[in-house]
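# Dropping the sequence and predicted coords here.
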Amino acid sequence: MKVLIAYSSRTGNTKKLAQAIHLALPNADLCPMGSVPNPSKYDLVFAGFWVEAGNACSDARKCLKRLGGLPVALFATLGAYPDSQHAADSLKAAANEIPDGKVVDTFICQGAIDPNMIEWMEQLPQEADNAPTESRRKLWDDGASHPDENDLEAVADWALSVLEKQSASA
């Protein structure tokens, strides 16, 4: 089975997940989403992105539009908790970017937030939607150590199970 691992990463969080998947699937091709070769030569695509405004980042959205007709496993990082409604909605929005929505599985984990983004939010007035709050600062602190070793092990195990399921159904 010919496998591609494509990713978009702003701060390195999603790249870490992609590299962990590649360690688990060393025969797969690994590349940034901006340089994805013709996707039709692959039997399975792992597509990774960072969440931006409730969807895949713009580089990823462009790439996802090219993956119609292929089995796609989405993986992502975000600045919220992975079990949040925001995480679920973000994965669904990204899946909707694929023309026929052929998503075979998903994985999402928390990632450290870009320090420039935190600095920007710290300057917002208290009434702004993204203004710092106690719970938001806790979220930033919790995310600072992610993805961690447990996340990397989990994404590698997930990728192996996705490949196993896809190989069995092929």
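Received the coordinates, thanks.

# tell me the contacts of the spatially most central residue of the chain?
Nearest to the mean C-alpha position of the chain, by C-alpha atoms, centre = their mean, lies residue 76 at 1.5 Å. By C-beta atoms under 8 Å, 6 or more residues apart in numbering, the residues touching residue 76 are 14, 48-51, 56, 90-91, 94, 106-109. For every residue, glycine as well, the C-beta is placed using N, CA and C.

# could I get the residues you listed as TSV with neighbour count, pLDDT and secondary structure?
Converted to TSV, the contacts of residue 76 look like this (neighbours: other C-beta atoms under 10 Å; pLDDT from 0 to 100; DSSP: H, G, I helix; E, B strand; the rest coil):
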residue	neighbour count	pLDDT	secondary structure
14	27	97	helix
48	28	98	strand
49	31	98	strand
50	26	96	strand
51	24	96	strand
56	29	96	strand
90	25	97	helix
91	23	97	helix
94	25	97	helix
106	19	98	strand
107	22	98	strand
108	26	98	strand
109	25	97	strand
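
# What are the buried residues along stretch 86-102?
If you call a residue buried by 16 or more other C-beta atoms under 10 Å, then stretch 86-102 has these buried ones: 87, 90-91, 94-95, 97-98.

# Tell me which stretches of this protein form helices.
13-24, 58-64, 85-95, 115-122, 134-143, 149-169 (DSSP state H).
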